[in-house]
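Engineer: from the sequence below, what's the structure:
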Amino acid sequence: MLLFLGTTVLTAVITVMTIVLWPDGAAVELLLGSALHLFGSFGVTAAANVPRNTALLRLEPGTAEAAGRWPAYVREWTAWNHVRTVASAAAALAYVLALA
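Structural biologist: Numbering: from 1, shown residues only. As a prediction, the model looks like this:
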């Protein structure tokens, strides 16, 4: 959790520093990487994955309700996890391009 929240704070700092300093040649890549991480990784986790996890935790294990909910949970959570993975990879690529 420390790494996940730490990178989010670092991304916010990068965003503010980029806006304030507007470095030549790398500002667009830095802002794109920040947006992809903040919205595509952190945002998706907070808005899509965590609520699904919380709802699943509220169900009583071994019940018909839990068994009935599981297929939809796996399908939805996995889809959002793919979005998060692609956004994180794209953010990393944008940051690498900013260094070039």
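Engineer: how about the residue at minimal distance from the centre of the chain: what's its closest non-neighbour residue?
Structural biologist: The chain has residue 41 as the residue nearest its centroid, 0.9 Å off, counting by Cα atoms, centre = their mean. Sequence neighbours aside, residue 88 is the residue nearest to residue 41 in space, at 4.7 Å (criterion: Cβ to Cβ, 6 or more residues apart in numbering). (C-beta placed from N, C-alpha, C; glycine too.)
Engineer: for the host helix or strand of that neighbour, packing partners?
Structural biologist: Residue 88 belongs to helix 64-99 when elements are defined using DSSP states H and E. Judged by 3 or more Cβ pairs under 8 Å, 6 or more residues apart in numbering; DSSP states H and E, helix 64-99 is in contact with helix 27-35, helix 44, helix 50-57.
Engineer: quick one, which of those helices gets closest to residue 78.
Structural biologist: Distance to residue 78, taken as Cβ to Cβ, is lowest for helix 50-57 among those, at 10.3 Å.
Engineer: okay, the angle between the closest one and helix 64-99?
Structural biologist: 160 degrees (axes from the mean of the first three to the mean of the last three Cα atoms, to 10 degrees).
Engineer: my read: residue 91 touches residue 30, true?
Structural biologist: No - taking contacts as Cβ atoms under 8 Å, residue 91 lies outside contact range of residue 30: 10.4 Å.
Engineer: please point out which parts of stretch 81-98 sit buried.
Structural biologist: By 16 or more other Cβ atoms under 10 Å, the buried positions in stretch 81-98 come out as 84, 87-88, 90-91, 94-95, 98.
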